[in-house]
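A.B. asks: Quick one: sequence and predicted model below, then my questions.
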2 protein chains.
Amino acid sequence: MPHSKMYDAAHLRKCSANYIPLTPLSFLSRAAKLHPQRTAVIYNDREVSWSEFFTRTQKMADALQQKGVGYGDTVTVILHNTPELMEAHYGVPMAGAVLNTLNTRLDVNTISYCINQAESKVLITDTEFSPVVREVLKQIDHEIILIEVVDAYAKLARGTGERLGNNEYEEFLNSGTTGRWQMPEDEWQAIALNYTSGTSGKPKGVIYHHRGSYLMSMGSVVAWGMPQFCTHLQTVPMFHCNGWGYPWTIALLSGTLVCIRNFSPALTFKLIAQHKVGFFGGAPVVLNMLANASEDEVASFDHQVQVMTAGSPPPAKTLESMANMGFEVTHVYGLTETYGHTVFCKTKDDWRDLPIEEQAELKARQGIAYPMMEEVAVINPDDMSALPFDGDSMGEIMLRGNTIMKGYLKNPEATAHAFANGWYHSEDLGVTHADGHIQLKDRAKDIIISGGENVSSVEVENVISKHPAVSLVSIVAMPDKKWQEVPCAFVELKPDADITEQEIIKFSRTQLAGFKTPKKVVFGELPKTATGKIQKFVLRERARLL
Amino acid sequence: MPHSKMYDAAHLRKCSANYIPLTPLSFLSRAAKLHPQRTAVIYNDREVSWSEFFTRTQKMADALQQKGVGYGDTVTVILHNTPELMEAHYGVPMAGAVLNTLNTRLDVNTISYCINQAESKVLITDTEFSPVVREVLKQIDHEIILIEVVDAYAKLARGTGERLGNNEYEEFLNSGTTGRWQMPEDEWQAIALNYTSGTSGKPKGVIYHHRGSYLMSMGSVVAWGMPQFCTHLQTVPMFHCNGWGYPWTIALLSGTLVCIRNFSPALTFKLIAQHKVGFFGGAPVVLNMLANASEDEVASFDHQVQVMTAGSPPPAKTLESMANMGFEVTHVYGLTETYGHTVFCKTKDDWRDLPIEEQAELKARQGIAYPMMEEVAVINPDDMSALPFDGDSMGEIMLRGNTIMKGYLKNPEATAHAFANGWYHSEDLGVTHADGHIQLKDRAKDIIISGGENVSSVEVENVISKHPAVSLVSIVAMPDKKWQEVPCAFVELKPDADITEQEIIKFSRTQLAGFKTPKKVVFGELPKTATGKIQKFVLRERARLL
């Protein structure tokens, strides 16, 4: 027998004993079998065990299949972080279908665009959104089944709460039975569809596969050192990269997911103390609200809580207040295309003795690759060469790994562009420091090239945002005859602030090189997406016409 | 576009940005890139950083390739737990080859059999084993390259230490260069070959794949809650299921592996205290030696140490002594075919208040499936039905999951037999308790069927082993005209013990039903394998002839 064939003989092929498609659905069946009585989900005074949760999700899978939903179909949900959305993370893929969570703050046109592109067969929504959903239904170009969650805990505003169809969620669930769900046949099968927020045009449908969601959970536990049976507070919206995967990760740990419908500092503190929450994530604005909570909002707790923050670096003052309250804050970085966090900046032992300002500067770095990520590198996009770890050489942050999307739905061009040269191109620009920590400098398309020099819009924004009169600032390129491009500032002022364009420019010039100083300042409200991101493409267009 | 094709469109195929074969080699390149200065391996006063370790393993991979070793070739090693064996866990697969670790205590014939079956191109060994290796080389039926480790820390006995060839390990390593190693092309590729210990005949070559070794590491970290940068003491021989995977797992954590060439309680305590070892594993005999260490052997330490024990349940007295010394002992279960531990019995919170005897009884259970294991179940082998969780219904322990071997080398029949009906058959008999914990009752082939009643040989052995005169006991079936089979006891007595066959039978009868009591007792030394396992097949043959 030739040795090269010895290990590849026919009897050594994969079989069902030694090869099972990687999927987070396995986490659930294991938790339900081995820890049936442990609490899976908590929502106000409602607690569901892993055994009950498994039963409910099996019923959902069967109920969906009875409605004709199957392999490769899309189920769209517009829900707050309530147990139904956690259930959909299992029930939908257990029917062979793909879970499409939409941002609850999207407008009618965007929602309709997504549902039409995804050809969704079912829309599961909360009656709080009925005013929007009523309009959406008019724009959907195909048949769709509406399933409505009527939540007793909803604080319904005027005009909301109306029932638009005949399928109430609990009734729908109970029309299904157990034992009729399916594992994916292939781990490359789609599990979720997450639309990008569209800072630069139409949202793109990012497809996640079962393999990636499985490995994301494994990697998160390894990176964070999350113990079995721990409690995760789901502050990150589950419509946002599937809440960074925690609805699945928590099953791997047979832990508990605490749902929170509407975020408030008081409720967050209460839940942390009451359920001994060990982990949660949130944007810096969430952290800021916790750090600045009033005395009667804060509930004390005596355990350490791990907090991940993403989107932008946490300011020193927030870090300090959070630490004093018992929170250990870790900065993470990722994109919808990378299943959420994929780079993390864990505090090093020798940082702890530094002044808080210096700590904040180090923690503001995006950090190092998660364990399941193959490579995260700062690369020169012109020749694909890796740049040195000098904290100075700026290139594009590129990634390779098993927690990168399958591609964009119905968009071969964008997929090919994103995966050019065998790397996922983040379009974020950054540097690598000597210790291997990556720091984000700017979005590629936001860099301004003035007289051949790169101007980081983030750097200019950081300077101007320190001016006491400024509430929000965005810097984009403005065409210029002499310099090709020059920085242009769009500024939202604080209420009652009184300041001129020249004062802003003068203030900037004290801290920035001349070519980095904005040549023009425009005052007024900034255009934003549903998630609150500034739409630079709108500003760029405005700057072009100035 | 029909919806069933939407998520499977051509542009959504795997590419090198989003699909990387799962392999523990990725752990190493990540550790070397992100934590280059952290210590990877400690051996006496030798410390190697992850950066140096990566360099050395790349050199090994290249040196092997220069010798003609490549895809699907076997490299056999006979080494103690020294850094060279840790290096071989990476260097060999980085050459595309398969690492075959052999038990250092095997006899010449068995070693030769394994090397011939595996067609090994290279044999890496320690000069301590020269007397055996000299004889082995005479029996190898093909060309083989010998590479010798000359270890300054070896305590060489008379006749050992002779050099048999011209390739010294360090010189060989330095003949290689960096940058010429390979990732597996397919995660199903073989990474290791581990021979079973052969309690029932010729050893079988169990093949591990890269995917399984990757997932084993992930699962171990999740199950144990091992933190990043932790220190693992490699007491479990790396030739035994690749030390249950920890040479690879430690790279996932960018942690430190402490090597120990020859186990002794004093050295173990010293290393634990000196390097703040957080984790290690060992057979009950190892734990027993630690628990009974003399005062001058014990070094005190003030951190908690997690210990896994496998092979047989830890006795109450050992558990108690270990707990008092700061060790938390967890019982694990697995087989060579399952990459080592795959079932674990973590102490439940409500066990801690029980008397130590009861705790020991609960901890003696094998436990629940590791997180990466799909299913571990007690199954009726006749109809493949799952048995109830009643602590009483005995069936065969069967397993399915991604950390099950590819199959047996050059043995399609044994592979087919092991994987019958899509499950791996452990040939161990057990029950499942109400809490889902599996308990091993016997090896399938060791069960005795007397008058239609099952007699667990383990149960009878447990009783007789309590007699103060008995050192070791083994129970097998003896043919009987009336009852078909009856239990027969083979007993090794303690030095100076003076006891008759009838006394042993009488003692047994006080604690066992009549049909479980041995009808015959034979005194004398028991036949054992190189790993100290009793060869029941030899005893069964003897009993047949009585």
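C.D. replies: Arrived safely, thanks for sending. Numbering: from 1, shown residues only, chains lettered A, B, ... in the order given.
A.B. asks: what residue ranges in the stretch 101-250 of chain A score low on pLDDT?
C.D. replies: A:197-201 (pLDDT under 70).
A.B. asks: Get me the contact residues on it for chain B.
C.D. replies: Residues of the stretch 101-250 of chain A lying close to chain B by Cβ under 8 Å from any Cβ of the partner chain are A:119, A:121, A:188-190, A:207, A:212, A:218-219, A:221-223, A:225-228. In short, each C-beta sits where N, CA and C put it, glycine included.
A.B. asks: again, only this time at 7 Å
C.D. replies: Counting by Cβ under 7 Å from any Cβ of the partner chain, the residues of the stretch 101-250 of chain A close to chain B are A:119, A:188, A:190, A:207, A:218, A:221-222, A:225, A:227-228.
A.B. asks: Buried subset of those residues, written for ChimeraX?
C.D. replies: With 16 or more other Cβ atoms under 10 Å in any protein chain shown as the criterion, this ChimeraX line picks the buried residues out of those:
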select /A:119,188,190,207,218,221,222,225,228
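A.B. asks: May I see the residues of the stretch 101-250 of chain A next to chain B arranged in JSON lines, with distance to residue B:150 as well?
C.D. replies: Shown next, in JSON lines, are those (distance: Cβ to Cβ, whole Å):
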{"residue": "A:119", "distance to residue B:150": "68"}
{"residue": "A:188", "distance to residue B:150": "49"}
{"residue": "A:190", "distance to residue B:150": "56"}
{"residue": "A:207", "distance to residue B:150": "55"}
{"residue": "A:218", "distance to residue B:150": "40"}
{"residue": "A:221", "distance to residue B:150": "42"}
{"residue": "A:222", "distance to residue B:150": "37"}
{"residue": "A:225", "distance to residue B:150": "40"}
{"residue": "A:227", "distance to residue B:150": "44"}
{"residue": "A:228", "distance to residue B:150": "45"}
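A.B. asks: Looking at the residues of the stretch 101-250 of chain A next to chain B, which are in strands?
C.D. replies: A:190, A:207 (DSSP state E).
A.B. asks: out of the residues of the stretch 101-250 of chain A next to chain B, who's nearest residue B:423?
C.D. replies: residue A:218 (23.8 Å; Cβ to Cβ).
A.B. asks: What residues sit buried inside stretch A:57-70?
C.D. replies: Counting neighbours by 16+ other Cβ under 10 Å, the buried set in stretch A:57-70 is A:57-65, A:67, A:69.
A.B. asks: And stretch A:255-274, by the same measure?
C.D. replies: Residues of stretch A:255-274 classed as buried by neighbour count (16+ other Cβ under 10 Å): A:255-261, A:263, A:265, A:267-269, A:271-272.
A.B. asks: Could you list which of those belong to helices?
C.D. replies: With DSSP state H as the criterion, helices contain A:265, A:267-269, A:271-272 from among the buried residues of stretch A:255-274.
A.B. asks: Turn those into JSON lines, columns for pLDDT and distance to residue A:382.
C.D. replies: Formatted as JSON lines, these follow (pLDDT from 0 to 100; distance: Cβ to Cβ, whole Å):
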{"residue": "A:265", "pLDDT": "94", "distance to residue A:382": "47"}
{"residue": "A:267", "pLDDT": "96", "distance to residue A:382": "50"}
{"residue": "A:268", "pLDDT": "96", "distance to residue A:382": "46"}
{"residue": "A:269", "pLDDT": "96", "distance to residue A:382": "50"}
{"residue": "A:271", "pLDDT": "97", "distance to residue A:382": "49"}
{"residue": "A:272", "pLDDT": "97", "distance to residue A:382": "48"}
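A.B. asks: Closest one to residue B:115 out of those residues, please.
C.D. replies: residue A:272 (59.6 Å).
A.B. asks: Just list the residues touching the closest one, thanks.
C.D. replies: A:233, A:301, A:305 (Cβ atoms under 7 Å, 6 or more residues apart in numbering or on different chains).
A.B. asks: And it, how close does it get to chain B?
C.D. replies: Distance of residue A:272 to chain B, computed by Cβ to the nearest Cβ, to the nearest Å: 21 Å.
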